[in-house]
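Novice: have a look; sequence and predicted model below, questions after that.
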Amino acid sequence: MNNQAIWIILKKLRAPFLVLLLTFSISIAGLMLIPAVDNQGHIYHLNFFDAFYFVSYMATTIGFGEGPYAFTYPQKLWVTFSIYLTVIGWFYAIGTIVALIQDESLKKAINIGKFIKQVKSLREEFFIVLGYNRITKEIINNSDFRFVVIDKSEVKTDELNLENFNPIVPAIAGDATNEIILKYAGIESKYCRGVISLFENDAKNMQIATICKLLNPNVDLIVKATSKSQEDYYKSLGIKYINNSYKIISERIFLNLTKPYIWLLELWAFGHKLMLEKNDFLPKGKYLICGYGRMGQALENGLKRANMQFDILKIETENYEKEKGTVIFGDEEDRKLLEKLDIKNTQAIIAATNNDLLNLTIINKAKKLNPSIYTIARENSLDDITIFQAAKIDRIYVLEKITAEYTITNISRPLVDSFINEIRKKENSWAEVIVNMLRNIAGDDPLYYEITINKENAYALMLKLQKRKITLGDIRKSRENRNELLHIVYLLLKRGENIILMPSPDTEIQENDKLLIASDNENLEDFEYIINNIYELEYVLGE
């Protein structure tokens, strides 16, 4: 129990303790002062111990009887008075204790103490997650790190505790902008890897980022941004993980229209198969953006970069609902508006408002007016995924899913994150070669694997590196037949701050090199076996 809880208990129990002390003192003093008679008829006075002993079992209603001799009437009268006096004292004390057990401040203090103890017991790297919702739950479930959660709602922290995460996820109800709460959560701990702040409120994210950098300048931050000015501010603080889902969607549309194989490689990193199907290609031609909020503006930028013709329907959810009394798009006025925007000669429509029902009804109306139109919709919440899928929309961008995927990649798959950033700088023809090479070597659905070359992950390889030079090509040989190659592709090598995309087989391996490899399960297992088993390694090296 922490000092705060002890202080609350002492403060609350001070009055009832004094009442009990006073009632006992009055009862004991009376018994000591009233004359008593022994078995011989002699007058005597109870000593302190006898009086205290009697009052103790009298007040607790145990009732051992009178002692050491039968009481006189004056004593019995005093005892009767003392019984009521002490019972009142006990009732008051017991009532206070019951109230104390239900006291919210004590519960909070105990929970804080328990939380602090759990955080201090962490002996591995952890992230502090601010806010518990569908996005952060997805992050916790799909990352290898430990987590500590702060949420302003006690209902949410109780919900988290009911999830029975293993290992346990310490959680506390509190204000994420409160530096004391952040300190409780371990932001100053040497094991704190970073803080994840993905609130919808931009100002709150910026406030949290500033506070966290002041409390621990070395901590990594993963923050949500929705505008360029916000991104610039985060960059000025030295924050490298900036999650802007609107910008991500805009970039993906731009890549699909201009560099489809770069787009494919990026989507493969998030689970897409390594092959392009007909419906994956966005149509060339005129686009209609419905909604001109933060996402609409980002889409405008992406389509401009792709040199696409487009119109914008500046529809805002609040204004539309206020004017029409509903968020269901599609009355006669709406139809005329779409026809005025030449919907029948528009190749693609993007419903990008912040209301899922409005987006669905916009798409539905557009398809009725132009059955061949390519449909793209923004979905704000994972809750409505089945409804959007049932609507047969060609492409759905789920903001919560995108935010979760990028955050998981930032913290758990850093080499994949670097790979995505590097390939975006390349040309489509380069990416097409890489895609074909990956498919030929590792199949249509290869896995990727990140490894750091050290004693823990590559024991045998580290022993050999002390004696001779070894290249990436040397350890790409099959342990069944060293004249054949493993079906693996080296996608990226990170050495310190230097990143080498598609490193050459002649590249010499150094300690602490980080490798991103693509392959299938069988070949990845063989690769791991070779770099950790001295006999297998010597065989592929020809020793």
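Specialist: Nice, thanks for sending it over. The shown structure was predicted, so the numbers you read here are calculated from the model rather than taken from an experiment. Residues are numbered from 1 along each chain as shown.
Novice: tell me the helix or strand right after the helix or strand that Asn256 is a member of.
Specialist: Using DSSP states H and E, Asn256 sits within helix 245-258. Using DSSP H and E, the next helix or strand after helix 245-258 towards the C-terminus is helix 260-268.
Novice: for Lys336, what are its contacts?
Specialist: Residues counted as contacts of Lys336 (C-beta atoms under 8 Å, 6 or more residues apart in numbering): none. In this view, the C-beta of every residue, glycine as well, is placed from N, C-alpha and C.
Novice: can you classify it by secondary structure?
Specialist: Following DSSP: H, G, I helix; E, B strand; the rest coil, Lys336 is assigned to helix.
Novice: any low-confidence regions in the chain?
Specialist: By pLDDT under 70, the weakly predicted segments of the chain are 1-10, 63-64, 100, 102-106, 109, 382-386, 388-389.
Novice: how is it carved up into domains?
Specialist: 3-102, 118-243, 248-412, 446-541 (automatic domain parsing).
Novice: check the offset of the third one from the chain's centre.
Specialist: On the basis of C-alpha atoms, centre = their mean, to the nearest Å, domain 248-412 sits 27 Å off its chain's mean C-alpha point.
Novice: how far does it stretch from start to finish?
Specialist: This stretch, domain 248-412, spans 19 Å end to end (C-alpha to C-alpha, to the nearest Å).
Novice: nearest spatial neighbour of Pro51, skipping sequence neighbours?
Specialist: Careful, residue 51 is Ala and not Pro. Closest residue to Ala51 apart from its sequence neighbours, by C-beta to C-beta, 6 or more residues apart in numbering: Leu31 at 4.1 Å.
Novice: from the contact counts, what lies against the helix or strand containing the one you found?
Specialist: Under the criterion of DSSP H and E, Leu31 resides in helix 3-33. Contact partners of helix 3-33 among helices and strands, from 3 or more C-beta pairs under 8 Å, 6 or more residues apart in numbering; DSSP states H and E: helix 48-59, helix 73-101, helix 104-120.
Novice: these: which one's closest to Glu450?
Specialist: Among the helices and strands packed on helix 3-33, helix 104-120 comes nearest to Glu450, with 27.8 Å by C-beta to C-beta.
Novice: distance from the helix holding Asn256 to the middle of the chain?
Specialist: 25 Å.
Novice: now tell me what touches it from outside.
Specialist: By C-beta under 8 Å, 6+ apart, helix 245-258 touches 224-226, 262-263, 266-267, 280-282, 284, 294-295, 297-299, 301-303, 305-306, 308, 376, 378, 397, 399, 402-403, 406, 424, 428.
Novice: one more: stretch 65-76?
Specialist: Stretch 65-76 is contacted by residues Leu31, Ile34, Pro35, Ala36, Val37, Asp38, Asn39, Asp50, Tyr53, Phe54, Val79 when judged by C-beta under 8 Å, 6+ apart.
Novice: between these, which sits nearest Leu274?
Specialist: Distance to Leu274, by C-beta to C-beta, is smallest for Tyr53 among the contacts of stretch 65-76, at 86.6 Å.
Novice: the closest one - nearest residue in space that isn't next to it in sequence?
Specialist: Nearest non-adjacent residue to Tyr53 (C-beta to C-beta, 6+ apart): Gly67, at 7.8 Å.
Novice: state whether the one you found is indeed within a strand.
Specialist: No - using three-state DSSP, the secondary structure at Gly67 is coil, not a strand.
Novice: number of nearby residues for it?
Specialist: 12 (other C-beta atoms under 10 Å).
Novice: re the thing from before, show me which of the contacts of stretch 65-76 are buried.
Specialist: With neighbours counted by 16 or more other C-beta atoms under 10 Å, those contain buried members at Leu31, Ile34, Ala36, Asp50, Tyr53, Phe54, Val79.
Novice: distance to Tyr246 for those - can I get that in a markdown table?
Specialist: A markdown table is the format used below for the buried ones among the contacts of stretch 65-76 (distance: C-beta to C-beta, whole Å):
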| residue | distance to Tyr246 |
| --- | --- |
| Leu31 | 82 |
| Ile34 | 87 |
| Ala36 | 90 |
| Asp50 | 83 |
| Tyr53 | 78 |
| Phe54 | 80 |
| Val79 | 81 |
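Novice: re earlier: what is whichever helix or strand comes after the helix holding Leu31 packed up against?
Specialist: Next helix or strand after helix 3-33 toward the C-terminus (DSSP H and E): strand 36-37. Strand 36-37 sits against strand 43-44, with contacts defined as 3+ C-beta pairs under 8 Å, 6+ apart.
Novice: so how far is the strand it packs on from its chain's centroid?
Specialist: For strand 43-44, the distance to the chain centre is 77 Å (C-alpha atoms, centre = their mean).
Novice: picking that back up, select only the buried ones of the contacts of helix 245-258 in PyMOL?
Specialist: To isolate the buried ones among these in PyMOL, judged by 16+ other C-beta under 10 Å, type:
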select buried, resi 224+225+226+262+263+266+267+280+282+294+295+297+298+299+301+302+303+306+308+376+378+397+399+402+403+406+424
